[in-house]
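**Student:** here's my sequence, what's the structure:
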Amino acid sequence: MGAFRKTYYTLGKLFLATQILLIIYTRFIPERFFCWAPFDEHTYLETKVIIDENILSSEEINNRYRYHMKGWEPRAIQNVFNIIQQYEKTYGKYENAKVYVTYSINGNVQKKWYYNNLLVE
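**Tutor:** Numbers count the residues shown, from 1 in each chain. Predicted structure coming up:
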């Protein structure tokens, strides 16, 4: 019975250690999908999309990405970038859209992110 119990304690400790290591790891990657506190950033963002010299309205942008692309985003900004890149690499790859995202994380300095099918900054 002692060896049986010791095996379970070892497996339990290994499981907990793995969880702790994964939580620490996700704190340092941009996506943070499985982070202990995934809503630890508050980002204000505004998105502008230009297709063939036409500037899309906020409603058209929201419909394009099926996501709210202006206002407060409680998750990491990388999630928004992933949504844009996924759409533009699949459904929108022949439209040659230029996407500009202006954002500020936790009220800090405003940053800009740009995407088109040829160049990502």
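
**Student:** for the closest residue to residue 89 other than its chain neighbours, give me its contacts.
**Tutor:** Excluding the flanking residues, the one nearest residue 89 by CB to CB, 6 or more residues apart in numbering is residue 117, at 7.5 Å. No exception for glycine: its C-beta is placed from N, CA and C like everyone else's. The neighbours of residue 117, taking CB atoms under 8 Å, 6 or more residues apart in numbering as the test, are 88-89, 93, 96-97.

**Student:** again, only using 10 Å
**Tutor:** 85, 88-89, 92-98 (CB atoms under 10 Å, 6 or more residues apart in numbering).

**Student:** can you check residue 56 too?
**Tutor:** Going by CB under 10 Å, 6+ apart, residue 56 touches 47-50, 62-64, 69, 97, 99.

**Student:** of all the residues you listed, which comes closest to residue 3?
**Tutor:** The shortest approach to residue 3 among the contacts of residue 56 belongs to residue 69, at 57.7 Å (CB to CB).

**Student:** all strands of this structure, in order?
**Tutor:** For the chain, the strands defined by DSSP state E occupy 43-51, 54-55, 70-73, 98-105, 111-115.
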